[in-house]
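Engineer: next input, structure requested:
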Amino acid sequence: MKNVLFCLTLLALSVNIFAQDEVYVSEKYGNALKLILKEDKTYQLIYNEGVYEQKLDSLYLSSNKKSTDNFTAIPFEQGSQLDSIELTFTSEMGYLSTYNIAIAASSGDEQNLNFLPLFNYQSNPATTYSDNLIKFKIKKDKFLFVAKKNYVTNETEVSKFEISPKLGRLEISENYSMGANLVAVFNEKGNIVISENGANPIEFVIQGKVSEQEKPKALDYTSVKNISIDWNFPSLYNTENYTASLNQDTINVKIEVSLKEALKNLKIKENNCLLIVNEPEDVFEKFIVLHKSSSVDLGYYDETDKNIFDFSFYNLKEDEQGWLEKINYSKNTKFIVLSSNESVIYSTEQSVSKLTEAGYYSYEYINLAREIKSVANICVVNENLLNKKISIAQIKTALYNASVKLNHRTLFPEGTDDYAITTEAAPSVNSLDSTVEYSEYTNPAKLRGVFYKSKITKQELDAIWRKVLNQYTKEAEYDKELFHTIYKELNNEGFSMNLFGEQRYIMNENDFRAFDYLLKHYPKATSVEYNTDYNYDYSTYFPAISDVKYLISNVLSRNLSDGYEVNPTLEQKKEIINRYGNYLYDSPNDYYMLTAYAGSLITNKNEQELFSFYENFVSRFDTKNIIESLNNYYENNYELNWYNLKNDFSTMANNVSWYVVDNKISDPVKIKKAIEWSEMSLKLSRNNSYYMDTLAQLYYKNGDKQKAILTQEEAVKNYKDSDVNPDTLTEMKNVLEKMRSGNYK
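Structural biologist: Got it, this is the predicted structure:
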């Protein structure tokens, strides 16, 4: 039935289109984009126009205009001549970029134009790109030049408008043009959905008959060629603390003249990577252009990621193909990257031209370049860690670098959110370097290749880490690099994760010593006096005291709790309590960690230790006045959340008390203790049916049968979860009937 109705709808729409002009609008880009379908089988879509052909439920729109100006300028004249002109900028897309649009006014000289970006004219905070509007005045001149940087082609396009003496205002709109290969289909709601090359669908809703009102005539424009603009605007942005990066035209790329010279220079310059391409010259030249267009983003990432490696480039000549076989790689290898010691850190048999396929341009190259730099760091770390002549201080720094400069996602993409469609590595006969497969996104512009993998073993790494801890844990003062390395390592962001993809859950002896160092030094290390450097990069941002306290709590909790990927044994939990018992009892987060420990004792039915542990814990509080006592504890530990503290405290009291009921314990001393704790839980969580059920059964076990019945009646009466968990209510009622009949055991 649904398909029949859809076809009838299409037929009705089809007839309607031929009968009159129809206007459809879309709100996708903030403004109402208009599609006009005319009686004569022509259409208008923003600044596109052409003819359309209808086939069944689809319209095929062919464009008469293959290109259009970037801007439409609507003039508004004033009665008299003015020295200034008001400019209003807006965009058909609903998003006005203030960085890739610039203006200049001139009497006609096109060689000395002083362009400034729209950003420079945003004096009013209310007129930002988010409002899709900027309005300002400039001194009037004979011509106005409006430039736009096309980030796809990386070209600057300039429109030249002649300004008449009486012109007082220009409304300039940044044009939005869809391409020529447009297909429109009717959906089931009767709306038109237009897509460009099968992508970027926009839905249009019918508005009504087209208005007879003509749009104001726009100013004529002239496209001006060969105007070069430094889009970083160093004159505007260069300050004492910031220097604008260079325009692409001035970017120097080191292209080696021969393979021999390239390999020689690679060894001379520290922190350098040699990117060797094995492609036709035109492909290599496009690759260099791609690198230039990515240089600003790469420079930014280099600064934040601390990836200080530079790139040099070389295109392999025909008579140098034997070099690939010499290093055990196939001649089909199209792209290979060497580190300073000539280790191969990346290789692929896919053409670098793939990086510019499907219009993705620099995005994938930027990602790949960052990964290459990260793996280059791994090579350096490996060399340092495996160097038997290196000092302990240098090892410590190498481990710090391995913790803050490496990216485990490069070597272990399967452990990330990257959705791979294949993990097949590029073929290679290389048997020298150990490699790891690199996954490919569904993105068609991604190169599939093989990265270098760390050569150091876990056993070697543990031994090296032990050496560092042996030396530095003896010293009274803390070491900033070591402290940060420990923080990263215990937070599963350090060298173990970056080199092996290994998450650490249960502490080993090295971890215990590192944790002790963290506990000893974190108050001083995280104080303002010792931590004045602020860095926006999360990887190297030195942790604040709240971060470290959270980490301490997290480390202890995962060594006390079940539910992680690796769960601790009861013996391991006991060791944590034995080692850090004093800290647990004095820590602001002890209630959370101790609840986890009590839960593990209950699960393992370690009855004697459970009662000994819990009695020791509760002894810190006045159970007769538990609310006041707990409130005093809360006020002295301001970081706690009162609601969570109260609930967790009462939950733990109930769980320990329920242990007596659930395991049918008959020891009168333990029953009386459990009653005391159960009554305490209800002082904190009044009318809690679950807690009353526990207390009622404890009363019965203690011989207070009438008190037990009254309490169980209250539990049934106050039960709130019958819609969610009716079985519990049934069970409570059964217990009550057994108590009344004297059959409860």
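Engineer: quick one, helices of the stretch 451-600 of the chain?
Structural biologist: 458-472, 480-490, 495-500, 509-525, 545-558, 570-586, 590-603 (DSSP state H, counting those that start in this stretch).
Engineer: how about the stretch 1-150 of the chain?
Structural biologist: With DSSP H, counting those that start in this stretch as the criterion, the stretch 1-150 of the chain has helices at 2-19.
Engineer: can you tell me which helix in the chain is longest?
Structural biologist: helix 362-385 (DSSP state H).
Engineer: mind checking how far that one is from the chain centre?
Structural biologist: Centroid separation for helix 362-385 versus its chain: 19 Å, with CA atoms, centre = their mean, to the nearest Å.
Engineer: could you pull up the mean pLDDT of it?
Structural biologist: What helix 362-385 shows for mean pLDDT is 83.
Engineer: what does stretch 449-458 give?
Structural biologist: Stretch 449-458 comes out at a mean pLDDT of 84.
Engineer: now do the end-to-end distance for that stretch.
Structural biologist: 25 Å (CA to CA, to the nearest Å).
Engineer: what comes up buried for that stretch?
Structural biologist: 449-456 (16 or more other CB atoms under 10 Å). C-beta here means a position set from N, CA and C on the backbone, and glycine is covered the same way.
Engineer: ok, the residues you listed vs Glu714, which is closest?
Structural biologist: Taking CB to CB as the measure, Glu714 sits nearest to Ser454 out of the buried residues of stretch 449-458, at 63.0 Å.
Engineer: pretty sure that closest one sits against Asn377.
Structural biologist: No - applying CB atoms under 8 Å, one finds Ser454 not in contact with Asn377, separated by 10.9 Å.
Engineer: for the helix or strand where Arg740 lies, name the packing helices and strands.
Structural biologist: Arg740 belongs to helix 726-741 when assigned by DSSP states H and E. Applying 3 or more CB pairs under 8 Å, 6 or more residues apart in numbering; DSSP states H and E, we find helix 726-741 packed against helix 689-701, helix 705-717.
Engineer: please identify the deepest-packed of the ones you listed.
Structural biologist: Of all these, helix 689-701 has the most neighbours on average by mean count of other CB atoms under 10 Å, namely a mean of 24.
Engineer: picking that back up, Ile366 is nearest to which of the helices and strands packed on helix 726-741?
Structural biologist: helix 689-701 (55.1 Å).
Engineer: the closest one packs against which elements?
Structural biologist: helix 642-662, helix 668-684, helix 705-717, helix 726-741.
Engineer: how about the contacts made by Leu170?
Structural biologist: When contacts are counted by CB atoms under 8 Å, 6 or more residues apart in numbering, Leu170 touches 73-76, 85-88, 144, 161, 163, 219.
Engineer: let's see it at 6 Å
Structural biologist: Counting by CB atoms under 6 Å, 6 or more residues apart in numbering, Leu170 touches 73, 75, 87.
Engineer: would JSON lines of those residues with pLDDT and neighbour count be doable?
Structural biologist: Listed next are the contacts of Leu170 as JSON lines, based on pLDDT from 0 to 100; neighbours: other CB atoms under 10 Å:
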{"residue": "Ala73", "pLDDT": "88", "neighbour count": "20"}
{"residue": "Pro75", "pLDDT": "88", "neighbour count": "18"}
{"residue": "Leu87", "pLDDT": "90", "neighbour count": "21"}
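Engineer: using TSV, lay out those together with distance to Val193.
Structural biologist: TSV is the format used below for the contacts of Leu170 (distance: CB to CB, whole Å):
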residue	distance to Val193
Ala73	32
Pro75	36
Leu87	36
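Engineer: from those residues, which is closest to Ser619?
Structural biologist: When the contacts of Leu170 are compared against Ser619 (criterion: CB to CB), the nearest one is Leu87, at 76.4 Å.
Engineer: tell me the bridge partners for the closest one.
Structural biologist: Phe136, Leu170 (DSSP bridges).
Engineer: and it, how far from Ala102?
Structural biologist: 12 Å (CB to CB, to the nearest Å).
Engineer: once you drop chain neighbours, what's closest to Tyr690?
Structural biologist: Spatial nearest neighbour of Tyr690, chain neighbours left out: Asn654 (6.9 Å); criterion: CB to CB, 6 or more residues apart in numbering.
Engineer: contacts only, for the one you found.
Structural biologist: Asn654 touches 681, 691, 694, counting by CB under 6 Å, 6+ apart.
Engineer: ok, now with 8 Å
Structural biologist: With CB under 8 Å, 6+ apart, Asn654 has these contacts: 677-678, 681, 688, 690-691, 694.
Engineer: can I get these in TSV including distance to Leu399?
Structural biologist: Shown next, in TSV, are those (distance: CB to CB, whole Å):
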residue	distance to Leu399
Trp677	47
Ser678	51
Ser681	47
Asn688	50
Tyr690	49
Tyr691	50
Thr694	51
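Engineer: tell me the one of these nearest Glu318?
Structural biologist: With CB to CB as the yardstick, the closest approach to Glu318 among the contacts of Asn654 comes from Tyr690, at 80.2 Å.
Engineer: just checking, Glu502 touches Phe495?
Structural biologist: No - contact criterion CB under 8 Å: Glu502 and Phe495 do not qualify, at 9.6 Å.
Engineer: picking up where we left off before, continuing past the longest helix of the chain, what's the next helix or strand?
Structural biologist: According to DSSP H and E, the helix or strand after helix 362-385 is helix 392-404.
Engineer: from the chain's centroid, how far away is that next one?
Structural biologist: With CA atoms, centre = their mean, you get 26 Å for helix 392-404.
Engineer: do the same with stretch 162-172
Structural biologist: For stretch 162-172, the distance to the chain centre is 46 Å (CA atoms, centre = their mean).
Engineer: please point out which parts of the strand or helix carrying Ser612 sit buried.
Structural biologist: Taking DSSP H and E as the criterion, Ser612 maps to helix 607-618. Using 16+ other CB under 10 Å as the burial criterion, the residues of helix 607-618 that qualify are 607, 610-611, 613-614, 617-618.
Engineer: related to what we said a few turns ago, more crowded one of Glu502 and Phe495?
Structural biologist: Phe495 (27 against 16; other CB atoms under 10 Å).
Engineer: could you find the closest non-adjacent residue to the more buried one?
Structural biologist: Among residues not flanking Phe495 along the chain, Ala402 sits closest, at 3.8 Å (CB to CB, 6+ apart).
Engineer: so the one you found sits right up against Met497, yeah?
Structural biologist: No - here Ala402 does not reach Met497: they are 9.7 Å apart, not a contact under CB under 8 Å.
Engineer: more neighbours: these two, which one.
Structural biologist: Ala402 (28 against 23).
Engineer: show the model's pLDDT score for Ile675.
Structural biologist: 95.
Engineer: neighbours of it, just the number please.
Structural biologist: With other CB under 10 Å as criterion, Ile675 counts 19.
Engineer: can you tell me how far it is from Asn187?
Structural biologist: Distance from Ile675 to Asn187, by CB to CB: 67 Å.
Engineer: and the helix or strand Ile336 falls within, which strands flank it?
Structural biologist: Applying DSSP H and E as the criterion places Ile336 in strand 335-338. Strand pairing for strand 335-338, using DSSP bridges, gives strand 272-277 (antiparallel), strand 344-348 (antiparallel).
Engineer: and the helices in the stretch 201-350 of the chain?
Structural biologist: According to DSSP H, counting those that start in this stretch, the helices that the stretch 201-350 of the chain contains are 234-237, 259-268, 281-293, 295-305, 322-326.
Engineer: just put the ones you listed in JSON lines and tack on mean neighbour count.
Structural biologist: Shown next, in JSON lines, are these (neighbours: other CB atoms under 10 Å):
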{"stretch": "helix 234-237", "mean neighbour count": "12"}
{"stretch": "helix 259-268", "mean neighbour count": "14"}
{"stretch": "helix 281-293", "mean neighbour count": "16"}
{"stretch": "helix 295-305", "mean neighbour count": "16"}
{"stretch": "helix 322-326", "mean neighbour count": "13"}
